[in-house]
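Trainee: Here is the input, now give the coordinates:
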Amino acid sequence: METAAFGVRGDRPRSGQPSIAAWPTRLQTGLSGARLPATMRKAILSLSRIFIAPLVVIALAASPLIVTGGEAGLSIQFRPAFEALALWFRGLSDGSSFRYLIGKTEWNLVQSTPRYFFVSLLYLLLPGSLGLSLGTALGLALVRAKSRLIGSALNFIFAIPEFIMALMLQLLALYVLDLTGIKLASISYDGRGHYLLLLPFALMTFYPFAYSFRLASRKAIDAADADYTAYARSKGLSERTIRLRHIGAAVLPSMRAELPTILAIMQANLFLCEFIFSLPGITRLLFTSAFPGRLPGWLEGYQYPLAVWVLLGVLALYSLAWLFYSLALSLTRRGLTGES
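Mentor: Below is the predicted model of the structure:
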C-alpha cells in the first residue's frame, strides 16, 4: 500500500485534492490543469524569484543574531533575530532603518549609498563584461596549439588565490616605483584620485577572462568534430570562418549557461578587491561598519539594518550584472557570427 503525500496511508489525498508535492507542477500548469505557455511559466518563475530572493536576504542578515555568547559559552536563541526583523520593518516608516554608524558619526543610507553602489557596479560590470567577451572571442579564434599554450599559462595563474594575486601586484607596483621612480599604479584608493584603479580593474578582468577562455576553448574542441562542422569544411570554408561562425554559434549559448558561475566568481572577487584596495564600494561597508570589530566579541556592534541593505545591494548588483553580461555575450555573438 502506498503512502500519500500527507503522511496518511491510502491511494490519494482526500476530496480529490492534489498532494503538496504536486503544487510546483500545478503552479506551472495552472489551476485548471491546462499547461501554461513557456513564456508565462518563465514569467511566473521570475516573479517568484524577485519576491522570494529579498526575503531570503533579509532573513539571512539576521542569522548572526541567532548565535549569542555568554559566560556559559555559545547558545542559540531566535528571539534577537526576530526582534531585529521587527525593528527593521518598523524602521522603514520612521527612517531608522536607513541610518547607520561609522565610528560615532551617524550616516543616512539614502545620501551615502548611491556612491558606494556606483563604485561596486563599476567594478562588477566593466571588467566582467570585458573579460567575458575577450576570453570567449580569443578562445574561439585561436587554433588548438596556441589555445593549449595560453590555456596552460592561464590555468597556472588561475590557481593562485586572488588575495595573493592582489598582494603580488601591489608589491610589484611598489618595487617598480622604488627601483625606477615610475608610478605604475596606485596600490589603494586614497580619496583624492579616481574611483577606477588599474590594479583592481586588471584583477577583476583576469578571472572572467581566464574562465571564459578555458570554457570556450574546450567547447570549441568538442564542436570541431561535429557533423555541421564537417559539412562546412566540405563547402570549402576556411578554418577561421568555421571557428567563428559555425563553432562560435554552438559554443556561445553554453557560455550563457555558465553565467551563474562567472557571477559567483566576480562577486567573491568584488568583496576581496574592495577590502584589499580600500575601494569605497558597498560590500566594504559590511567589514567596516556592519561588523565594526571595535568591541570584544564578533557580534557586538553588529548593525543589522546596514547588513540588510548591503546584502540587498549585492542582490541588485547580481541582477544588473546578469543583464549586462548577457548583453555582452549577445554583442560578442553578433560580432563573431553575424547572428542576433
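
Trainee: Just the element for the most centrally placed residue in the chain, please.
Mentor: What sits nearest the mean C-alpha location of the chain, by C-alpha atoms, centre = their mean, is residue 263, with 3.2 Å. Per DSSP states H and E, residue 263 falls inside helix 259-276.

Trainee: Tell me which stretches of the stretch 101-250 of the chain form strands.
Mentor: Under the criterion DSSP state E, counting those that start in this stretch, the stretch 101-250 of the chain contains strands at 105-108.

Trainee: Need the contact partners of the helix or strand just after the helix holding residue 263.
Mentor: Toward the C-terminus, helix 259-276 is succeeded by helix 284-285 as the next helix or strand (DSSP H and E). Contact partners of helix 284-285, identified using C-beta atoms under 8 Å, 6 or more residues apart in numbering, comprise 100, 116, 274-275, 278, 306, 310. (Each C-beta comes from the backbone N, C-alpha and C, glycine too.)

Trainee: Spatially nearest residue to residue 115 (excluding sequence neighbours)?
Mentor: Closest residue in space to residue 115, ignoring its immediate chain neighbours: residue 280 at 6.7 Å, by C-beta to C-beta, 6 or more residues apart in numbering.

Trainee: Quick check: the one you found touching residue 193?
Mentor: No - using C-beta atoms under 8 Å, residue 280 is not in contact with residue 193; the gap is 11.5 Å.

Trainee: now the helices: where do they sit in the protein?
Mentor: 23-29, 38-62, 79-94, 109-141, 144-158, 162-180, 198-223, 227-234, 239-241, 248-257, 259-276, 284-285, 304-337 (DSSP state H).

Trainee: picking up where we left off before, residue 280 and residue 193: who's more crowded?
Mentor: residue 280 (17 against 10; other C-beta atoms under 10 Å).

Trainee: quick one on the thing from earlier: put together CSV for the contacts of helix 284-285, with pLDDT, neighbour count and distance to residue 231 on each row.
Mentor: Output for the contacts of helix 284-285, formatted as CSV (pLDDT from 0 to 100; neighbours: other C-beta atoms under 10 Å; distance: C-beta to C-beta, whole Å):
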residue, pLDDT, neighbour count, distance to residue 231
100, 86, 22, 62
116, 90, 21, 53
274, 91, 25, 50
275, 89, 17, 52
278, 88, 18, 56
306, 89, 24, 59
310, 90, 28, 53
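
Trainee: ok, back up a step: residue 68: which of the helices of the chain is closest?
Mentor: For the helices of the chain, the distance to residue 68 is smallest for helix 79-94, at 6.6 Å, taking C-beta to C-beta.

Trainee: Okay, buried residues for that closest one please.
Mentor: 80-81, 84-85, 88 (16 or more other C-beta atoms under 10 Å).

Trainee: Now tabulate these in TSV and tack on distance to residue 53.
Mentor: Formatted as TSV, the buried residues of helix 79-94 follow (distance: C-beta to C-beta, whole Å):
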residue	distance to residue 53
80	24
81	19
84	19
85	16
88	17
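
Trainee: okay, those residues in CSV with pLDDT and distance to residue 331 next?
Mentor: Shown next, in CSV, are these (pLDDT from 0 to 100; distance: C-beta to C-beta, whole Å):
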residue, pLDDT, distance to residue 331
80, 83, 48
81, 86, 44
84, 88, 44
85, 90, 42
88, 91, 40
